[in-house]
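Visitor: would you be able to build a 3D model of this:
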Amino acid sequence: MKMIKTFGYLIITVVVLSACSSPKEKIQLNIKNLEETLFSDENKMVDRDKASELIDAYIEYADEFPDDKQAPDYLFKAGDMAMNLNMPHKAIEVFDRILQNYPDFEKTPQCLFLKGYVYENNLNDLEEARKIYTEFLEKFPDDEFADDAEVSIKNLGKSPEELIKEFEEQTKKEGDI
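Guide: Below is the predicted model of the structure:
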């Protein structure tokens, strides 16, 4: 009987605490639980449904609390995850949101670069990719991804065979020197 009474108090405490937690805390807890579920075993395949749910939770947090310091971080995670799950339009939408609403966010340059990457590699829109990479170089010429943007522009539209041939020719030239 004492055990049942203790268990009853425990349930009441949990219910009261969960009812009293703020919407922000509820979303954060949901995000934490989804992250733990998705990333608990590195060897298993990612559950696309759970990953999509996590993307939605990240975006929901930013929708509800746009001025919170975690909002751009969560959006970046959502964009990165969408990109890696081959959801290019969702990734671009999220990266654009960061670029527009959080221009001082530390990963804003990376968002612009990744947007170009998505256009190049996921959507095969080479002209838009070139435009974005060029914009990236104009805005962030000293960024750690500047060299990558230059190489990407140089190699836009080239097949893997063409890239291998160029690499072999370059290696041969360097060997002749």
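Visitor: could you chop the protein up by domain?
Guide: 21-102, 106-177 (automatic domain parsing).
Visitor: as JSON lines, these with mean neighbour count and mean pLDDT would be great.
Guide: For every residue, glycine as well, the C-beta is placed using N, CA and C. Below are the domains of the chain laid out as JSON lines (neighbours: other Cβ atoms under 10 Å; pLDDT from 0 to 100):
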{"stretch": "domain 21-102", "mean neighbour count": "16", "mean pLDDT": "92"}
{"stretch": "domain 106-177", "mean neighbour count": "15", "mean pLDDT": "92"}
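Visitor: would you map the helices across this protein?
Guide: Under the criterion DSSP state H, the chain carries helices at the ranges 2-20, 23-39, 48-64, 71-84, 88-101, 108-121, 126-139, 146-155, 160-176.
Visitor: residue contacts, D143?
Guide: Neighbouring residues of D143 by Cβ atoms under 8 Å, 6 or more residues apart in numbering: 109-110, 113, 136.
Visitor: do that again at 7 Å, thanks
Guide: P109 (Cβ atoms under 7 Å, 6 or more residues apart in numbering).
Visitor: now it: phi and psi?
Guide: phi -70, psi 160 (degrees, to the nearest 10).
Visitor: then D68?
Guide: Backbone torsions for D68, taken as degrees, to the nearest 10, come to phi -70, psi 140.
Visitor: check contacts around F136.
Guide: By Cβ under 7 Å, 6+ apart, the residues touching F136 are 109, 112-113, 116, 149.
Visitor: mind redoing it with 6 Å?
Guide: Contact analysis of F136 by Cβ atoms under 6 Å, 6 or more residues apart in numbering lists 112-113, 149.
Visitor: from L75, how far out is it?
Guide: 18 Å (Cβ to Cβ, to the nearest Å).
Visitor: E53 too?
Guide: E53 sits at a distance of 16 Å from L75 (criterion: Cβ to Cβ).
Visitor: which one is Y102 nearest to, not counting chain neighbours?
Guide: Nearest residue to Y102 in three dimensions, chain neighbours excluded: P72, at 4.1 Å (Cβ to Cβ, 6 or more residues apart in numbering).
Visitor: actually, Y74.
Guide: Nearest one to Y74, counting by Cβ to Cβ, 6+ apart, is Y58 at 4.0 Å.
Visitor: pretty sure that neighbour is in contact with A78, am I right?
Guide: Yes. Y58 is within contact range of A78, at 3.8 Å (criterion: Cβ atoms under 6 Å).
Visitor: rewinding a little: report the contact partners of the residue nearest to Y102.
Guide: For P72, the contact set (Cβ under 6 Å, 6+ apart) comprises 98, 102, 105.
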